[in-house]
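*Asks:* sequence below, structure please.
(chains A and B)
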Amino acid sequence: MINGTSSIAPLEEPQEQLRILIADDNDSDRLILQTIVRKEGHTVYTARDGQEAIDIFRQESPDIVLLDALMPNVDGFEAARTIKQLAGDNLVPIIFLTSLRDATSLADCLAAGGLDFLSKPYNRIILQAKIKAFASMRRLHETVQRQRDEISLHNDRLIHEQEVAKQVFDNIAHPGCIDAPNIKYLLSPMAVFNGDLVLASRKPSGGMFVFLGDFTGHGLPAAIGAMPVSEIFYGMAQKGFSLQDVLREINKKLKRILPVGVFCCACMVDLSFRKRSAEIWVGGLPDVLVYRKNSREVECLPSRHLPLGVVDNDRFKTETTVIPLELGDRIFLWSDGIIEASNDQGEMFGEERVRQVIARTENQDQIFSAIEAAVEKHAGRGEQDDDYTMVEVSMVNEEDVGEYFAERGKSFLAGGPKDWSMTYELRPQTLREFNPLPLITHLLMEVPGLRPHSGKIYTILSELYSNALEHGVLGLKSDLKASADGFARYYMERTQKLSDLYEGAVKFLIDHHPVQDGGVLTIVVEDTGPGFDFQAKESAEHKTEGYSGRGIPLIRTMCRSVRYLPPGNKVEVVFDWHVDV
Amino acid sequence: MTANPEHHIDIGALQDLKEIMESEFETLINTFVLDSSNKLDELAVAIAGRDADSLRKIAHSLKGSSSNICAGALSELARQLEFMGKEGTTDGAAAILAQLKVEFDVVRGILEKSL
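*Replies:* Predicted structure coming up:
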């Protein structure tokens, strides 16, 4: 009391003004307490029993409650319980005023929701300290509550944003042909936020692209890259670009937009139903497995490249592996989620287990679901939290996946250029580096009447072009492709010879003229090669077996005429179209 | 009656209390005296009616308030009565109540003098 006033400002923050409820049935005790508390600068409400305390609490919702344990009517314990209920989520520190000393009574106070005791006789210093401590506890609680509310608000917003993002993504990444009968896939609905991506598209040539991507990271950063990837994939696939072109474009885009350390492990398959082959590129994903239907053997294609978005395009490699496929052969692609799925001992599922499952699954159609079940059993997780992504692509007859239509249901075919011709000669440097088919297809599709036939026209162009380039200019022998072994050698030689190409050319002469309700398209492709004995070849064509030789006979079924011109380095195709009136 | 008031009241503590209470001190003393007189009557009724539970409650309250007013000896006598009540008996309580009344008169004298 002697040092009651001090001229030196204390370093403490200014005393917080609280509203404090005091409930004590003893008049003199209540008077002492309320005087002390009031002198500390707080607002005091007083009650004479438990019921009054509850009523005042309801009206005033004070910050701290000082509650005598033994009171008439409603006692302190019961009042504490009711007050805690009224306070709900808010922390209202209740301090019991008591001269009870026995452990049971003190425990009762705590059980009723009291946080502390203040024993009689009251000590002003202790009372002060307790009020201060509980005031800061209350503030802390309020801060935590506010932060909790903010976090939950933030989380709601994040979930909402993810839903919006997913919707945008779904609009861009339309399913393509992912539901084609020769594809099975496992992909969680929110996989895009795990960074996983599965895309599939038919090609104008009738083939099919399948793409599996796995971005580093999670959440929106992982999802953002998925959008340009799918846009490029679908856009370029429909225009007839090659697997290499699509991968280069995706790589270029990702390298440009993604921050360092974010990239996309990927695998892309170009499936040709007519050639019964698949061209496969793997960058950073687990080994692709090829299951052979007849031998029941499993071949393994390991990743040979860096993931997409890591290096600039001048260092980006698009070498692929081309494999022949028989009907019923299957290709398995997966993200590392499957291979690395761990059990509770931290043991990964691993490729060996995959092979075991394949080996013991009698019915080949059940391999996919057997692997799925085995992984889930191994990891012991429900379907809810999986981030497994897996695709099975099978070789089937083209008829079984349906015909490709670029623009189904377009009936308006008038307008556009109908009467024109062009010559387009590709010389060595261009042949080495450029695929002319998308450009030529694009030009032809300016004729509206040709659009419904884009698949056929692309097939014709690509067959003529690859014959002219590979057999004419590069001098490759197609009979190499008759065996599985030669098939791979053929493509190796093709790559080699193409990169060494310094003379030769392929020339397109394209002519279109209109007729009544339609038009006639004439395509002549000429190469600088020596030509070949086309008469002998034509008579033998129907006997051709093996992995090659399906091209020209197929084209014959698509157009009015296919004619070789001597000495066999020039071929002319005439294609008619009519509007169905 | 003991000559030394310190045996009945902690005079230093009472002085502190007086400074804290300022103008309210008189009210406090009057309230305490009135309240305690009532409690002595209530205690007599409880003992006469062998009501151990009432004995415990009233004595408990008196124990608290007399400790707050710095009357240690009075508080101690009230504690003895509370203990008996808790044990479920009023036997011998009358004798302690008699001591308590004497003690209360002394305390009251000191308190009124301190005003």
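*Asks:* all helices for the stretch 151-300 of chain A, in order.
*Replies:* Using DSSP state H, counting those that start in this stretch, the helices found in the stretch 151-300 of chain A span residues A:219-238, A:243-257.
*Asks:* before we move on, what about chain B?
*Replies:* With helices called from DSSP state H, chain B shows them at B:11-21, B:24-48, B:52-68, B:72-86, B:93-114.
*Asks:* next, count neighbours for A:A180.
*Replies:* Close neighbours of A:A180, defined as other C-beta atoms under 10 Å in any protein chain shown, add up to 21. C-beta coordinates here come from the backbone N, C-alpha and C atoms, glycine included.
*Asks:* what sits against it?
*Replies:* Counting by C-beta atoms under 8 Å, 6 or more residues apart in numbering or on different chains, A:A180 makes contact with A:200, A:202, A:208, A:401-402.
*Asks:* from chain B, how far off is it?
*Replies:* Look at A:A180 and chain B: by C-beta to the nearest C-beta, to the nearest Å, they are 86 Å apart.
*Asks:* ok, now A:D108?
*Replies:* Applying C-beta to the nearest C-beta, the value for A:D108 to chain B is 14 Å.
*Asks:* ok, that residue touching A:D75?
*Replies:* No. In terms of C-beta atoms under 8 Å, A:D108 does not count as a neighbour of A:D75; the distance is 10.1 Å.
*Asks:* where do the contact lists of the two overlap?
*Replies:* The contact lists of A:D108 and A:D75 share A:A69, where a contact means C-beta under 8 Å, 6+ apart.
*Asks:* about what we covered before: for the helices of chain B, which one ends up most surrounded?
*Replies:* Across those, averaging neighbours per residue (mean count of other C-beta atoms under 10 Å in any protein chain shown) puts helix B:52-68 on top, at a mean of 23.
*Asks:* and that one with chain A, contact?
*Replies:* Yes. Applying C-beta under 8 Å from any C-beta of the partner chain, one finds helix B:52-68 touching chain A at B:57, B:60-61, B:63-65, B:67-68.
*Asks:* how far away from the center of its chain is that helix?
*Replies:* 8 Å (C-alpha atoms, centre = their mean, to the nearest Å).
*Asks:* pLDDT on it, on average?
*Replies:* Per-residue pLDDT over helix B:52-68 has a mean of 93.
*Asks:* just the angle between it and helix B:11-21, please?
*Replies:* Between the axes of helix B:52-68 and helix B:11-21, defined by axes from the mean of the first three to the mean of the last three C-alpha atoms, to 10 degrees, the angle is 80 degrees.
*Asks:* so, low pLDDT: which residues of the stretch 1-150 of chain A?
*Replies:* Where the stretch 1-150 of chain A drops to pLDDT under 70, the residues are A:1-15, A:100.
*Asks:* if you could redo that for the stretch 351-500 of chain A, that was the one I meant.
*Replies:* Filtered on pLDDT under 70, the stretch 351-500 of chain A yields the residue ranges A:381-386, A:403-415.
*Asks:* A:V44: which of the helices of the stretch 151-300 of chain A is closest?
*Replies:* Minimum separation from A:V44 across the helices of the stretch 151-300 of chain A (C-beta to C-beta) falls at helix A:219-238, 52.0 Å.
*Asks:* what is the neighbour count of A:E376?
*Replies:* Neighbours of A:E376 (other C-beta under 10 Å): 16.
*Asks:* helix, strand or coil for it?
*Replies:* Assigned with DSSP: H, G, I helix; E, B strand; the rest coil, A:E376 falls in the helix class.
*Asks:* again with A:E493
*Replies:* helix.
*Asks:* how close does it sit to A:L66?
*Replies:* 95 Å (C-beta to C-beta, to the nearest Å).
*Asks:* hang on, the earlier thing: now distance to A:M236 too, for the residues of helix B:52-68 next to chain A, in JSON lines please.
*Replies:* Below are the residues of helix B:52-68 next to chain A laid out as JSON lines (distance: C-beta to C-beta, whole Å):
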{"residue": "B:K57", "distance to A:M236": "90"}
{"residue": "B:H60", "distance to A:M236": "89"}
{"residue": "B:S61", "distance to A:M236": "90"}
{"residue": "B:K63", "distance to A:M236": "92"}
{"residue": "B:G64", "distance to A:M236": "88"}
{"residue": "B:S65", "distance to A:M236": "91"}
{"residue": "B:S67", "distance to A:M236": "90"}
{"residue": "B:N68", "distance to A:M236": "89"}
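*Asks:* can you name every helix or strand that the host helix or strand of A:T423 contacts?
*Replies:* Here A:T423 sits within strand A:420-426, counting by DSSP states H and E. Contacts defined by 3 or more C-beta pairs under 8 Å, 6 or more residues apart in numbering or on different chains; DSSP states H and E place strand A:420-426 against strand A:506-515.
*Asks:* based on its surroundings, how many neighbours for B:E6?
*Replies:* 11.
*Asks:* now do the contacts for A:V198.
*Replies:* For A:V198, counting by C-beta under 8 Å, 6+ apart, the contacting residues are A:178, A:185, A:187, A:191, A:210-213, A:389, A:391.
*Asks:* ok, now A:Q364?
*Replies:* A:291, A:293, A:328, A:330.
*Asks:* excluding its backbone neighbours, what's nearest the second one?
*Replies:* Excluding the flanking residues, the one nearest A:K293 by C-beta to C-beta, 6 or more residues apart in numbering or on different chains is A:G328, at 3.6 Å.
*Asks:* pretty sure that neighbour contacts A:R296?
*Replies:* No. With contacts counted by C-beta under 8 Å, A:G328 stays clear of A:R296, the gap being 11.0 Å.
*Asks:* neighbour-wise, which of the two wins?
*Replies:* Neighbours per residue, other C-beta under 10 Å: of A:G328 and A:R296, the larger number sits with A:G328, 14 against 11.
*Asks:* confirm that that one sits in a helix.
*Replies:* No. The assignment for A:G328 by three-state DSSP gives coil, which leaves it out of any helix.
*Asks:* okay, now the unreliable bits of chain B?
*Replies:* B:1-3.
*Asks:* just to revisit the earlier point, a markdown table for the helices of chain B, including distance to A:P228?
*Replies:* Shown next, in a markdown table, are the helices of chain B (distance: least, C-beta to C-beta, whole Å):
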| stretch | distance to A:P228 |
| --- | --- |
| helix B:11-21 | 75 |
| helix B:24-48 | 78 |
| helix B:52-68 | 77 |
| helix B:72-86 | 81 |
| helix B:93-114 | 89 |
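*Asks:* on that earlier part again, most neighbours, which of the contacts of A:V198?
*Replies:* Counting by other C-beta under 10 Å, top hit in the contacts of A:V198: A:G213 with 30 neighbours.
*Asks:* so A:I131 sits against A:I64, correct?
*Replies:* Yes. Using C-beta under 8 Å, A:I131 is in contact with A:I64, at 6.4 Å.
*Asks:* find residues that contact each of those two.
*Replies:* In contact with both A:I131 and A:I64: A:18, A:20, using C-beta under 8 Å, 6+ apart.
*Asks:* closest residue of the stretch 301-450 of chain A to chain B?
*Replies:* Using C-beta to the nearest C-beta, the closest approach of the stretch 301-450 of chain A to chain B is made by A:D344 at 56.4 Å.
*Asks:* what about the closest residue to that residue other than its chain neighbours, how many residues nearby?
*Replies:* Distances taken as C-beta to C-beta, 6+ apart place A:G380 nearest to A:D344, at 6.5 Å, with adjacent residues excluded. Using other C-beta under 10 Å, A:G380 has 10 neighbouring residues.
*Asks:* does A:G380 touch A:Q345 like I think?
*Replies:* No. Assessed by C-beta under 8 Å, A:G380 is found out of contact with A:Q345, at 10.6 Å.
*Asks:* put the alpha carbons of the helix or strand A:Y465 falls within into CSV.
*Replies:* Assigned by DSSP H and E, A:Y465 belongs to helix A:454-466. The C-alpha atoms that make up helix A:454-466 are tabulated as CSV, following Å, rounded to 0.1, in the frame of the first residue of the first chain:
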residue,chain,number,x,y,z
SER,A,454,-10.9,-36.4,-92.8
GLY,A,455,-10.1,-39.8,-91.4
LYS,A,456,-9.9,-41.4,-94.9
ILE,A,457,-8.1,-38.5,-96.4
TYR,A,458,-5.5,-38.5,-93.6
THR,A,459,-5.0,-42.2,-94.0
ILE,A,460,-4.5,-41.9,-97.7
LEU,A,461,-2.1,-39.0,-97.4
SER,A,462,-0.1,-40.7,-94.6
GLU,A,463,0.2,-44.0,-96.4
LEU,A,464,1.3,-42.3,-99.7
TYR,A,465,3.7,-40.1,-97.9
SER,A,466,5.3,-42.8,-95.8
